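Asks: Make a model of this:
(2 chains)
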Amino acid sequence: DVKVTQSSRYLVKRTGEKVFLECVQDMDHENMFWYRQDPGLGLRLIYFSYDVKMKEKGDIPEGYSVSREKKERFSLILESASTNQTSMYLCASRATSGWDTQYFGPGTRLTVL
Amino acid sequence: QKEVEQNSGPLSVPEGAIASLNCTYSDRGSQSFFWYRQYSGKSPELIMSIYSNGDKEDGRFTAQLNKASQYVSLLIRDSQPSDSATYLCALLKAAGNKLTFGGGTRVLVKP
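Replies: Have a look, this model is predicted:
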């Protein structure tokens, strides 16, 4: 059974804090993604990675960075959290063979106070 | 204009009826189209993909694609209360390496 896990389901942080969101997949997928989801806006891509140590900006990378040191793990970093980064964060992974193989993690609901 | 547009709903459907969801897009070169279902508080899961014009059926779900008119639709036949969820339309642009999502349509199936 395919699995994408995220380190926390709920997280509350203060403005200015550095925040780490971790994502791990056990499917040996090459590609990993970080999205945020806000009401009415759908999913928006923050960053993605197609290989270890490789990263590419998505549609809304400002205020975020990522790290992929191992194939199974993709981290999203908020260098200095702000209230407008309060959102649901979803990690996903997929095999290079096709988009039909994309699976999402359970999500992390981040609240920045 | 948004790249992928969906009516946010809610679309209220009696149990046993057909739910019809529409999605329009602006990039004429878009190649691949996907429908995801997302239950409240859960993550999206892929239910259909469609790549060429016409209909594609999978159980009670039918995806319809019309590239000339730039729309893709999802029909849910014999709707069940368990189909109550938000349905997200997504597409892959030509030579694209990322999915672009619509805002989703919330569907409510009433017994």
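
Asks: so the closest residue in space to residue B:89 that isn't next to it in sequence, which of the three states?
Replies: Nearest non-adjacent residue to residue B:89, counting by C-beta to C-beta, 6 or more residues apart in numbering or on different chains: residue B:23, 3.4 Å away. (C-beta placed from N, C-alpha, C; glycine too.) Under the three-state scheme (DSSP: H, G, I helix; E, B strand; the rest coil), residue B:23 adopts strand.

Asks: So which residues of the chain form strands?
Replies: Going with chain A. A:4-6, A:10-13, A:19-25, A:31-38, A:42-49, A:56-57, A:64-70, A:73-78, A:87-94, A:103-104, A:108-112 (DSSP state E).

Asks: actually chain B
Replies: B:4-6, B:11-14, B:19-25, B:32-38, B:45-50, B:54-58, B:61-66, B:71-76, B:85-92, B:99-101, B:105-110.

Asks: Output the fourth one as CSV, restricted to C-alpha atoms.
Replies: If I follow you right, that is strand B:32-38. Output in CSV follows, covering the C-alpha atoms of strand B:32-38 (Å, rounded to 0.1, in the frame of the first residue of the first chain):
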residue,chain,number,x,y,z
SER,B,32,-3.7,15.7,-19.6
PHE,B,33,-6.6,16.2,-17.3
PHE,B,34,-7.4,14.7,-13.9
TRP,B,35,-10.3,14.6,-11.4
TYR,B,36,-9.5,14.3,-7.7
ARG,B,37,-12.0,13.7,-4.9
GLN,B,38,-11.3,15.3,-1.5
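
Asks: ok, back up a step: let me have the strands of chain B in a markdown table, adding mean neighbour count as columns.
Replies: Output for those, formatted as a markdown table (neighbours: other C-beta atoms under 10 Å in any protein chain shown):
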| stretch | mean neighbour count |
| --- | --- |
| strand B:4-6 | 20 |
| strand B:11-14 | 15 |
| strand B:19-25 | 20 |
| strand B:32-38 | 23 |
| strand B:45-50 | 18 |
| strand B:54-58 | 12 |
| strand B:61-66 | 18 |
| strand B:71-76 | 21 |
| strand B:85-92 | 24 |
| strand B:99-101 | 23 |
| strand B:105-110 | 18 |
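
Asks: which one of these lies closest to residue A:35?
Replies: strand B:99-101 (8.1 Å; C-beta to C-beta).
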